[in-house]
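In: fold the following.
(2 chains)
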Amino acid sequence: MIKIPVRFPSDPYCRAMSRIMLTADGETGELYIGVTPDGVSFGRDMLSRLSAWSGDRKLDYTYEIRDNTVVLTTECGYARFAIAQPNKLVIEGKGISLMIGNGKTAGIFMGGGSAVDDAAEGALYVTSGVRLRVVPRGGSAEVRSAWDLDALSDPDPRVFIHPAEDGALGGVVFETDFDVPFSDDGVTVDEAAADMAAEFEDFMNKLARAPENDEAVHAAYIVWTTLQPARVFEQQCITAPEYVSSRRKCGTAMLADNVLLAAFLKDPAEAAERMCSFLKYRQPDGLVPRQANNRMFLWEAEAPLYGVVFKARPDICGALPEEDYEALAEALAWWMKERFCPERKLFYYLHRYEPGCGKKLPFAGTAPEFAPELNVYMALWLEGMSAAAEKLGRKDDAARFGAAAGEVRNSLASRLRDGDGFRFLDITDSPVCEGHPAAAAAAALEGLAAPEGNLPTAYALPVLLAAPSGQSRELARSIAAEGREVTTLTQALTVLAAVDTAEGGV
Amino acid sequence: MLFQSNEKHELIRIAYARAGCYFFLQEDYFRRILKLSGVRSGDMTQISDMSFYVHILDGDKPERYHYYGDEGSLCLISPARYVDVALTADDEIRFRGAKNAGLRLELASNMEGNGAAALDSIVRLKDGSVEGIFGKHGNLRFVPIRGKVEYRAEYDCSLGRYAVLEVDMLPDEEGRFEVSMQSYFGTPVPEVSAKSFEEIQTENRKSFADFFANYTDIPEKYRTMAEEVVYVTWSHVMKPAGFVKSPMIMMHYNCLAAGFSWQQSYNGMALQGNPQEGYRLISNMFLYQNPLNGCLPSTVSPGNVGDFGCQPPLQGFALNLLVRRCGEEFITAEMAGDLLPKFEKWIAFWTTYRTAGRGDDLIQINNPNESGWDDASTYKDGFPVSNSDTMALLIECMYACSMLARRAGDPEREASWKERGDRLLNTLITEFWDGEKFVTKLRGKAVDSMSLACYQPILLGDRLPKEITHKIAEKLLEEGCFMTPMGLCTESMKSPMCHWGWHFVLGRVVAPANMFCSVGLWLAGEKEAARKIASAWCDNVAEKGPRLGFKPYNVYPLTGEPADTLLEPQVGDGWIWCGWSACNTMTMLQVVLADKE
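Out: Okay, the predicted model is just below:
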């Protein structure tokens, strides 16, 4: 059985398509049950502490990953955990009780919660953002709760899972947004762990290049676990599983991540599907949201990276279904209409967030910004569309896209080229954003020059995927050697790409 | 309705708003200037980043102003110049200035220290207008119709966000400006409306007048009060946008800027001049019914659906009251046939997932939101509890199903639902009436409480035995207990827990509790008691406006201690005029004080 490479405390113990997880606190040495937040988590919300007890005595414990389960060990006994589909934490153990509860918390709206014996099923534990149903197996569940009228909540709700008379501890914790019938199918910890491992292995087999070293396998685990279901009926934004930014910190899916992830998938049809996943949310005029979660679309444009994927994976051009091709064409048409200057034959950013490079880098300011990397992305996209059109037998489209790509490349060369690199221009054709890393990224993508030093992740990943290996290998080796903490999807993809590139390419 | 600084209708307690507009104006108490805030995201307003200070400019200098206006528009006046503001239902706010007035909108989050955090970007477009992007709050475009728009935006790279945004609307050579502020999401940018400022004013006034026609049988004594109260309801109408599928009524602009589930029923039952609209509003929440378990979400706003929890099942009582007042003929077979299965699923949610586990329809709730009384003393011992107030509402739902089945032409279901309602009613009377009040039970034991919620089952009216309704009438009017010159306290004044500070229903006099008691007594034939309560409430509202809740005295009668007010510094009682208060006031007016069968 493959070993799931969870690295406590930086990683949660979790799996794809399931919101529930176990996290570890490196400072306190404790485990927490958590769920993926819908948007950004602000810290300890979405988490509920696990503690071990023998009667009324709280026990110290250690924890480790063993045989793809989490094992909690005390002087009196132990508990083992694994996650089963959908959204179930399965528990088995001996000799101890477990308690879910954060201790006394403050605040009317963010702290506290409730815990009740639910005649419908088990015990219901609710705290900020987390709704857990606790169903014992063999033993019993005990609620300790005191309501505080001032706090409009119980500041310290607790649910205990007690062992049976023979000391055997068992239970299931369901994560649930709302009340549904709960059927405990009796899955064991070992069965759940084996299922997790099998799914993870299946995912790694779907990658274009099978991860071989520890860093790559770990990065693959992070990528795999960020796939989250669309979980709300009737009233929701996203309607299909998407990859979110971070299981612990941000349950929002980013357009850039979901597009670039396609380059890592072996099967071109699956890759095409992933690349186009956000297009189904587009507005009638083709604007694609740059972020999405179950409750929110962020209707802001962002540097489109489809061309990077086309360049990295030309086989996708031939695997694009007609419907996705049409959707891509609409999204492209938005950029042609809203962000293309026909006089200069260049694309521009209008708003500060559109480069997608993070909030602390310079932007042209009040004028539109003719950015070199944007025009490289657009040229690649147009070329990709031309190739895809050719495969679909759409000769006119192929010619049109190809011609447009040529015009953009000519303008890139004539207007934005600056020695061995590129520059930014504003609407008055004045250079702006000097020293911006995007210029180095554009130069690398066009095979002009390798970047000196490192690049921000937003540029490193496209360069690693689509730049000629001569321009990206040093960058790749530098990233691979860094041993970066990998907690977000973008970081994980960057490490995967770096390892691949350092070893010879995606 | 006239608004004016430093008068009864000043905007410290009242949100200046308009049906279908997702922005509102309110006066900042400390700075004495107006704030323009957006509520479309569904964020709690007091922590929302989407809020602007509104300044009148003399050149580039802000100056002090006061205001007056009506539903049509608001005029901001400084010593030498003035600016008019008109809200619309078309995602537009129109500003115009004269006598060289300028207007500045300064982005200032309601969260201390967040400043211009709502802004993601701002640019001047090719047509000269200015477009600001505010993330989940949407986009704003400032289009000069006359004069010009300038802006100052400072980005702090170290913080990674904007530190300052000021949008200035400036006069032309003739000293005038007119600017359209459009609100939208994504692209393309919308066209500017061709309507003149005067046309917008006229439309606003007509919209309010038309809305007023939803109410009937208003006693002449309360006519002026009714206009104030209906203004609040009208200005809280949320038009379809985002997750909101059909018009709803917001709870209140200042804090919980969303459509709350049982609020729609409170408002629906008050629309007795237009029962079809009342029916639509009561049924509204079923548009969001969870298909798995039948639950109705607790809140809906354009930016969010609060289906993490639910509110009590008020829909039955609301529908039954509307039918009792207006007849049931307006409910067609088709309407009834469509609503009935949804109602049944809603009841099934309660009896399945809130079952008390006895095998009958007895329920228990897991948190106070499921009764609506956040801090009632009936919950001081914790949860889960079988509370008589939510049970009474469930009984009303069963009778409503019986009525709907009758309208749908299904006599078997009509009889079956009536029988089920009768059974649960019998359980309520035999197990939860202790001779003096209805109780809430935790693990089978009555919670010791002196909450007004103990009398809320009076909403069942003449379904209850006379000895119970008479006893309730006595208890509610008993000297020194619940009754005050402004209505019923939500916790008896003889209770050591009675609290008139920031607590919600642990003592304050609030509209819905008074409505249940007065209307219930009226339905039970205890009309004198009903009138006493309703007129106390309405007389007070006529003087002070439909506030969220009132503190009846400055001293607690039980202890002689002064009654504290709010946590944060306030001068006077800071509880604002809100939608919930408004609709319940109208129900008491039309049902009890109009006193027409």
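In: buried set for the host helix or strand of residue A:481?
Out: Using DSSP states H and E, residue A:481 sits in helix A:469-482. Applying a neighbour-count criterion of 16 or more other CB atoms under 10 Å in any protein chain shown, one finds A:471-473, A:475-476, A:478-480 buried in helix A:469-482. Any C-beta I mention is one placed from the backbone N, CA and C, and that applies to glycine too.
In: identify, from the residues you listed, the entry nearest to chain B.
Out: When those are compared for distance to chain B (CB to the nearest CB), residue A:479 wins out at 23.0 Å.
In: surely that closest one is in contact with residue A:494?
Out: Yes - using CB atoms under 8 Å, residue A:479 is in contact with residue A:494, at 6.4 Å.
In: what residues do those two have in common as contacts?
Out: Shared contacts of residue A:479 and residue A:494, defined by CB atoms under 8 Å, 6 or more residues apart in numbering or on different chains, comprise A:460, A:464.
In: quick check: domain ranges of chain A?
Out: A:20-179+A:187-195, A:206-503 (automatic domain parsing).
In: I meant chain B, not that one.
Out: If you go by automatic domain parsing, chain B breaks into B:3-205, B:213-552+B:579-593.
In: okay, those domains, which one's buried deepest?
Out: For the domains of chain B, the largest average neighbour count (mean count of other CB atoms under 10 Å in any protein chain shown) is found in domain B:213-552+B:579-593, namely a mean of 22.
In: report the distance from that one to the chain centre.
Out: 14 Å (CA atoms, centre = their mean, to the nearest Å).
In: cool, stretch A:344-354 as well?
Out: Remark: stretch A:344-354 is offset 26 Å from the chain centroid, using CA atoms, centre = their mean.
In: what's the answer for stretch A:71-82, then?
Out: With CA atoms, centre = their mean, you get 30 Å for stretch A:71-82.
In: which secondary structure elements does the helix holding residue A:481 sit against?
Out: On a contact count with 3 or more CB pairs under 8 Å, 6 or more residues apart in numbering or on different chains; DSSP states H and E, helix A:469-482 meets helix A:437-445, helix A:457-466, helix A:489-503.
In: residue B:144 is in what secondary structure piece?
Out: strand B:139-146.
In: partners of that strand in the sheet?
Out: strand B:130-133 (antiparallel), strand B:177-184 (antiparallel) (DSSP bridges).
In: gap between that strand and the chain center?
Out: With CA atoms, centre = their mean, you get 31 Å for strand B:139-146.
In: residue contacts, residue A:449?
Out: A:420-421, A:440, A:443, A:471.
In: so what pLDDT did it get?
Out: Listed pLDDT for residue A:449 reads 88.
In: next one: phi and psi at it?
Out: phi -160, psi 150 (degrees, to the nearest 10).
In: downstream neighbour of the helix or strand hosting residue B:476 in the secondary structure list?
Out: Here residue B:476, judged by DSSP H and E, is contained in helix B:466-477. Scanning forward in sequence from helix B:466-477 by DSSP H and E, the next helix or strand is strand B:483-484.
In: report the distance from the lowest-mean-pLDDT helix or strand in chain A to the chain centre.
Out: Ranked by mean pLDDT, DSSP states H and E, the helix or strand of chain A with the weakest confidence is helix A:469-482, at a mean of 81. Centre-to-centre, helix A:469-482 and its host chain are 23 Å apart (CA atoms, centre = their mean).
In: now do that helix and helix A:489-503, the angle between them.
Out: For helix A:469-482 against helix A:489-503, the angle by axes from the mean of the first three to the mean of the last three CA atoms, to 10 degrees is 120 degrees.
In: other residues contacting helix A:469-482?
Out: If you take CB under 8 Å, 6+ apart as the criterion, helix A:469-482 is touched by A:215, A:443-445, A:447-451, A:454-455, A:460, A:463-464, A:494-495, A:497-502, A:504-505.
In: list buried residues within these.
Out: Taking 16+ other CB under 10 Å as the criterion, what is buried in these is A:215, A:443-445, A:448-451, A:455, A:460, A:463-464, A:494-495, A:497-502, A:505.
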